[in-house]
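J.: Please work out how this folds:
(chains A, B, C and D)
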Protein chains: 4
Amino acid sequence: MIIVMREPIKQEDIDAVVEKLHSVGAEAHISRGQYKTIIGVIGDRETVMQIPFEAYAAVEAVVPIMKPFKMVSREFSPEPMTIRVGNTVIGPSTFTVIAGPCSVESEEQILEAARLAKMAGATIFRGGAYKPRSSPYAFQGLGEEGLKILAAAREQTGLPVVTEVLDPRDIDVVAEYADILQVGTRNMQNFLLLKELGRIRKPVFLKRGMSATIEEWLMAAEYVAKEGNHEIILCERGIRTFETATRNTLDISAVPVLKALSHLPVMIDPSHATGRRDLVEPLTRAGLAVGADGVMIEVHPNPSQALCDGPQSLNLQEFAALMKDLKTICPAFGREL
Amino acid sequence: MIIVMREPIKQEDIDAVVEKLHSVGAEAHISRGQYKTIIGVIGDRETVMQIPFEAYAAVEAVVPIMKPFKMVSREFSPEPMTIRVGNTVIGPSTFTVIAGPCSVESEEQILEAARLAKMAGATIFRGGAYKPRSSPYAFQGLGEEGLKILAAAREQTGLPVVTEVLDPRDIDVVAEYADILQVGTRNMQNFLLLKELGRIRKPVFLKRGMSATIEEWLMAAEYVAKEGNHEIILCERGIRTFETATRNTLDISAVPVLKALSHLPVMIDPSHATGRRDLVEPLTRAGLAVGADGVMIEVHPNPSQALCDGPQSLNLQEFAALMKDLKTICPAFGREL
Amino acid sequence: MIIVMREPIKQEDIDAVVEKLHSVGAEAHISRGQYKTIIGVIGDRETVMQIPFEAYAAVEAVVPIMKPFKMVSREFSPEPMTIRVGNTVIGPSTFTVIAGPCSVESEEQILEAARLAKMAGATIFRGGAYKPRSSPYAFQGLGEEGLKILAAAREQTGLPVVTEVLDPRDIDVVAEYADILQVGTRNMQNFLLLKELGRIRKPVFLKRGMSATIEEWLMAAEYVAKEGNHEIILCERGIRTFETATRNTLDISAVPVLKALSHLPVMIDPSHATGRRDLVEPLTRAGLAVGADGVMIEVHPNPSQALCDGPQSLNLQEFAALMKDLKTICPAFGREL
Amino acid sequence: MIIVMREPIKQEDIDAVVEKLHSVGAEAHISRGQYKTIIGVIGDRETVMQIPFEAYAAVEAVVPIMKPFKMVSREFSPEPMTIRVGNTVIGPSTFTVIAGPCSVESEEQILEAARLAKMAGATIFRGGAYKPRSSPYAFQGLGEEGLKILAAAREQTGLPVVTEVLDPRDIDVVAEYADILQVGTRNMQNFLLLKELGRIRKPVFLKRGMSATIEEWLMAAEYVAKEGNHEIILCERGIRTFETATRNTLDISAVPVLKALSHLPVMIDPSHATGRRDLVEPLTRAGLAVGADGVMIEVHPNPSQALCDGPQSLNLQEFAALMKDLKTICPAFGREL
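T.: The predicted structure follows:
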């Protein structure tokens, strides 16, 4: 940490900072420049960060130089992580395709979708039983009934299932039926939910908050990891910008940025990022090329009947075509589908 | 709702849309332009919005022309709302000042802060017992112990108390001690929390999500109102932009925009919006001038010892000076402090 | 400037940085922390900033600690600047109201608008002769003919005139007719234009780029000042964000942020910031309250006939009502209208 | 165009709108809904758009349903455009790599860079002779001297040259030396420059404004095309968002969005988008995969001596490695390098 002092400066202000640092066992290196005096701090990061130096009138700025996350960082675990779910492996040698409808609407819809997703080559099935909807008048999901339908789909197809959990009180029931528990964009900083997900032993699929920085996102993952659950998959799903041609802006650079900072697997969700069916295939290709470990795609047997997010859903033929395309290009990137 | 058809268009596509509309009891008005055909829809909004026309291949765009919120809209209740809390009134004839530290750290700190906030003229006291923190290593609040200290402060000063609730399971205990329940920026779309706050009979202080549109914010308020709790105070606390001189960008226009759309009281929080102590006074003045019903300000007996958000806290002398300033200018805006 | 070295670090990397610094006459203070080594740099800012340390493989980050602007900074000129134009004064003791239509459409329109603006109390008149329009098919302004009409309006009313210049080749002719030369949001980083405006002796009205940071904006002003023209008025006109209720988001905090950094006068433009007539009055009040030195307002004798930006223009009665309101509240802020 | 009327509505307001439409030869289709009345407009787009209906007090909203650009649209020219420059072809069957340093610093630097760029496989060479710099104290380019050096590099290598033009007065001299003229991000809405580039017969390389929407960007291209120059290459170079891990956020979705709207070639610039050397390769791969027609990459013989943008420049070995990688993966996407 570096402390930049405000000009004009008095010796007693420097002394106050130094004394405070010494009181917690840290050291101070003072450099007096032509225009500014700076104090380099050496000591335990956690301890030093607790001192609110920014609130000292004589301090102009505090510049942290260490990353605030630990357990999700490359330094903590240099090798890229591989996560095994059912017969599937998520990690550096595969490109995992998660497919399925936005929400569970009926047993018939889900069983058909799952069967065809499997046939086309998806390795994980998705579907929402609890739906966070911006309008209280919109369809809110089938709840536990939906979880049972998802479990039936796994039974029939062998595909592991990922589904969103909204409420800490539902974690146990969701974990009973699902293989991977998803945290949605609106809950990325629902710290209670994150902490309790840290106590289960199933992977967590953590979507980026729609206006979260990459650092905040890794801190959210740190909440889960700190409680003991290290199997976390990060999913970039678009950030909020001024552009209106797409619903959000897929931050494709986030993938290699995360890969440099963390060992966790990273996926992208082109369906939610753009809200446009026609962009799903080109962005899936981009995700593969940029180094993502997989993709989550919305697929619906009949998008024009879907109870949510129809405009961004592929129908099953479109999805099958995309899978065929991926089969062709995956080898160029050293990944197995 | 208006449906814009994609060119080139076939009669059967128009027929399919019209038939679907008729099947739910709605009517269609077709206009064929030189370049585009559009279908004006007349019928029950909720019913029509459930049909995913955007997913029809022949549909280019769907343009909603009605606002999606009802109970929090001006049309529902044309007069600006007045909310009574203890001896205080929040509404169009007053300018309410809520003051207090970011978090409850100790009984001594809170009692001193509350006593001095009261002396300077604040009418509501704030303090956080449950703290949502982006790092799992940061101070997370005193919990119920903190609620008891807040209640003691109210006992001594008579000031009503507002505090944040994070977990639906804590609503009852927070409502037992606090007069107003705050929903923080990270929980603006925690729909479970919103719904359950709709069932209590204490006002809800709803902060804007840091990347929420005004419409999404009003929809969040609608979640509370729909369950029966109509006493909701909206608080603008800055949105996320590219500017880095301030922590967030206070969207001051949101105040008159909200006033035109809704009857709910609107406040601003210049401390969190900017993260800078020196901007609290000018932005408070701007809030008063733009038509806000009040302000939430961070005040700490000793900012440089604060366990969170020290840099943006006023000390008690600074706060007293701000209150004195407000007393002078409030009359020009027809508001009582 | 502070240089943070990448770990693991070799002595030769530190030596390379230190040697480079010595070669330009600067000094290095090395602090080896538990996790990081940092080098504090002392020396001439301009010289040191030219060295691309970020491109050294062994350097992790370079943290500047000095502001990059000089002549427009408070340090350069601690007192707030007062600019005299005709009989009017722009500065800390007045609140200047610039009014007029977006574009000069005809002599009749301009003379009527100017006469009524004057009657209502405006002290500077505006109108665009050269119009930057996002569509090549839109009205592009009357050019020099428009300048002559503006000069006629000044003749009749005595109000000084501000108008936009787009092309460095037009500076002379615009300066011949106008009293203040405006640089529009799209030209804030048109450095050629800025430099040449630095050579004239009339004030420059510099609008913020719609996605410019405050620092970039002050650097644009520095371009003008460096060439010798120190009379620069900064005008906040809204930044681009995700919110769609207003055309842009007025960054009201920019006013006190600029006041802390610079001595230049600061105005706001609520008409362009919001694109909504109904928000002009509340935001003008907010601007006065936050410490702005004035406001630029779009006024048109007949907004529904305006060739550009009709929706945001006040008609003359609305403008007169706003001026009356300002007369009442100005004294509370120690400003004369 | 659709006009939504404000409630409560009077017949005379509808009549006023209809009469105005008739007066310009357009037709009106009126639909009275339960809550809203809308008027569908049929007539010449340009004529109708000139009427400022938004300024009518009785009009709530005006919804355009046609795109505002023509000559750069797919409708105008359904086949993707191919542009020939020297021996190189930019278009749907190739992946063009433009490489070179940010700025021309010396003949030696440029000749070495060009020779090695050629050897590694780049097909177009870049270098800036006129540099738009946010600080007036930074290196501003060698001007015409720099153009001559670029021409010498072409002489030696046969590579066509692209370079930025800032000032309309420089277009002739730049066009004399360069093969492609670049418009930088800060000049995307410098309409004077665009218009004058429309009159030359060399391709224009149009970078996206850092906060421009895709529609504004295409309108900027329309300015060039309208004057008769149809050879325009669009280059996505990152937009401004709240994320700070990268300098800007590369909007990768812009590529397929543009491809759907326009026949113009589209490239990406990962060096400027991110400001980070380590992200250039993964983003180049993503650009190829998403359907871009090429990439512009900063390459410098010695990045740590570069006078600008050193941190994002590849050195020549890194660039050669990237080219080798592209050679392997290009076939999977049906493109020739």
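J.: how close does the residue of the stretch 51-200 of chain A found nearest chain D sit to chain B?
T.: For the stretch 51-200 of chain A and chain D, the shortest gap (CB to the nearest CB) falls at residue A:67, measuring 11.2 Å. Yep, even glycine has a C-beta here, placed from its N, CA and C like the rest. Applying CB to the nearest CB, to the nearest Å, the value for residue A:67 to chain B is 11 Å.
J.: what is the mean pLDDT for stretch A:107-118?
T.: Taken as a whole, stretch A:107-118 has a mean pLDDT of 95.
J.: Report the backbone C-alpha coordinates of stretch A:329-337 in CSV.
T.: Extracted C-alpha coordinates of stretch A:329-337, given in CSV (Å, rounded to 0.1, in the frame of the first residue of the first chain):
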residue,chain,number,x,y,z
ILE,A,329,-13.5,-25.8,-35.1
CYS,A,330,-12.8,-27.2,-31.6
PRO,A,331,-9.7,-29.1,-32.7
ALA,A,332,-8.0,-25.8,-33.9
PHE,A,333,-8.1,-24.7,-30.3
GLY,A,334,-7.0,-28.0,-28.8
ARG,A,335,-10.3,-28.6,-27.0
GLU,A,336,-12.6,-31.5,-27.0
LEU,A,337,-16.3,-30.9,-27.2
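J.: now that stretch: mean pLDDT?
T.: Here the average pLDDT along stretch A:329-337 is 95.
J.: Which residues outside that stretch are in contact with it?
T.: A:93-95, A:97, A:121, A:285, A:288-289, A:323, A:326-327, D:285, D:289, D:328-329, D:331-333 (CB atoms under 8 Å, 6 or more residues apart in numbering or on different chains).
J.: what comes up buried for it?
T.: For stretch A:329-337, burial by neighbour count (16 or more other CB atoms under 10 Å in any protein chain shown) applies to A:329-330, A:332-333, A:335, A:337.
J.: For these, which two are the farthest from each other?
T.: Across the buried residues of stretch A:329-337, the two members that end up farthest from each other (CB to CB) are A:332 and A:337, 12.3 Å apart.
J.: where does whatever residue of the stretch 201-337 of chain A ends up closest to chain D land in three-state SS?
T.: Nearest residue of the stretch 201-337 of chain A to chain D: residue A:289, at 3.6 Å (CB to the nearest CB). Following DSSP: H, G, I helix; E, B strand; the rest coil, residue A:289 is assigned to helix.
J.: Send me the helix or strand of chain A with the lowest mean pLDDT as PDB with only the CA atoms.
T.: Averaged element by element with mean pLDDT, DSSP states H and E, chain A has its least confident helix or strand at helix A:45-49 (a mean of 77). Taking Å, rounded to 0.1, in the frame of the first residue of the first chain, the C-alpha atoms of helix A:45-49 are listed here in PDB:
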ATOM      1  CA  ARG A  45      -2.100  -6.700   4.100                       C
ATOM      2  CA  GLU A  46      -5.300  -7.500   6.000                       C
ATOM      3  CA  THR A  47      -4.300  -5.500   9.100                       C
ATOM      4  CA  VAL A  48      -3.100  -2.500   7.200                       C
ATOM      5  CA  MET A  49      -6.200  -2.300   5.000                       C
END
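J.: anything in that helix sitting right up against chain C?
T.: Yes. Figure legend: helix A:45-49 in contact with chain C (CB under 8 Å from any CB of the partner chain); contacting residues residue A:45.
J.: and that helix, what other elements does it pack with?
T.: Using 3 or more CB pairs under 8 Å, 6 or more residues apart in numbering or on different chains; DSSP states H and E as the contact test, no helix or strand touches helix A:45-49.
J.: Which SSE is immediately downstream of it?
T.: Remark: after helix A:45-49, the chain's next helix or strand is strand A:59-63, criterion DSSP states H and E.
J.: Confirm that residue A:112 sits in a helix.
T.: Yes. Counting by three-state DSSP, residue A:112 falls inside a helix.
J.: pretty sure it contacts residue A:301?
T.: Yes. The criterion here is CB atoms under 8 Å, and residue A:112 meets it with residue A:301 at 5.0 Å.
J.: Tell me which of the two has more neighbours.
T.: residue A:301 (20 against 17; other CB atoms under 10 Å in any protein chain shown).
J.: What is the three-state secondary structure of that one?
T.: Under the three-state scheme (three-state DSSP), residue A:301 adopts coil.
J.: so it sits right up against residue A:116, yeah?
T.: Yes. With contact taken as CB under 8 Å, residue A:301 and residue A:116 are classed as touching, separated by 7.1 Å.
J.: what do these two both touch?
T.: In contact with both residue A:301 and residue A:116: residue A:316, using CB under 8 Å, 6+ apart.
J.: so how far is residue D:276 from residue A:50?
T.: Distance check for residue A:50 against residue D:276: by CB to CB, to the nearest Å, it reads 31 Å.
J.: Which one of these two is surrounded by more residues?
T.: When residue A:50 and residue D:276 are compared for neighbours, residue D:276 comes out ahead with 20 against 14, by other CB under 10 Å.
J.: re the thing from before, taking the contacts of stretch A:329-337, please make a PyMOL selection of just the buried ones.
T.: Only the buried members of those end up in this PyMOL selection, burial being decided by 16+ other CB under 10 Å:
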select buried, (chain A and resi 94+95+97+121+285+288+289+323+326) or (chain D and resi 285+289+329+332+333)
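J.: Of the contacts of stretch A:329-337, which belong to strands?
T.: Those of the contacts of stretch A:329-337 mapping onto strands are residue A:97, per DSSP state E.
J.: where does residue A:90 land on pLDDT?
T.: 98.
J.: OK, contacts around it?
T.: Per CB under 8 Å, 6+ apart, neighbours of residue A:90: A:82-84, A:96, A:203, A:233, A:265, A:293-294.
J.: what bits of the stretch 101-250 of chain A have low per-residue confidence?
T.: Scanning the stretch 101-250 of chain A for pLDDT under 70 picks out nothing.
J.: need the helices for it, in chain order.
T.: A:107-120, A:144-157, A:171-177, A:191-197, A:214-226 (DSSP state H, counting those that start in this stretch).
J.: mind giving me a markdown table with those helices and columns for distance to residue C:59?
T.: Listed next are the helices of the stretch 101-250 of chain A as a markdown table, based on distance: least, CB to CB, whole Å:
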| stretch | distance to residue C:59 |
| --- | --- |
| helix A:107-120 | 48 |
| helix A:144-157 | 50 |
| helix A:171-177 | 45 |
| helix A:191-197 | 35 |
| helix A:214-226 | 20 |
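J.: And those helices: which comes nearest chain C?
T.: Evaluated over the helices of the stretch 101-250 of chain A, closeness to chain C peaks at helix A:214-226, with 13.9 Å, by CB to the nearest CB.
J.: What helices and strands are in contact with that closest one?
T.: Packed next to helix A:214-226, using 3+ CB pairs under 8 Å, 6+ apart, are helix A:191-197, strand A:204-207, strand A:232-236, helix A:254-261.
J.: Quick check: the residue of the stretch 151-300 of chain A nearest chain B.
T.: For the stretch 151-300 of chain A, CB to the nearest CB, closest residue to chain B: residue A:211, 3.1 Å.
J.: give me the number of residues near that residue?
T.: Residue A:211 has 23 neighbouring residues, counting by other CB under 10 Å.
J.: any idea what sits nearest it, other than its immediate chain neighbours?
T.: Nearest non-adjacent residue to residue A:211, counting by CB to CB, 6 or more residues apart in numbering or on different chains: residue B:211, 3.1 Å away.
J.: what sits against the one you found?
T.: For residue B:211, counting by CB under 8 Å, 6+ apart, the contacting residues are A:210-211, A:240, B:239-240, C:242.
J.: Also residue A:2?
T.: Per CB under 8 Å, 6+ apart, neighbours of residue A:2: A:38-41, A:62-63, A:65, C:2, C:38, C:63.
J.: Flag every buried residue along stretch A:11-29.
T.: For stretch A:11-29, the buried set under the neighbour-count rule, 16+ other CB under 10 Å, comprises A:13-14, A:17-18, A:20-21, A:26, A:28-29.
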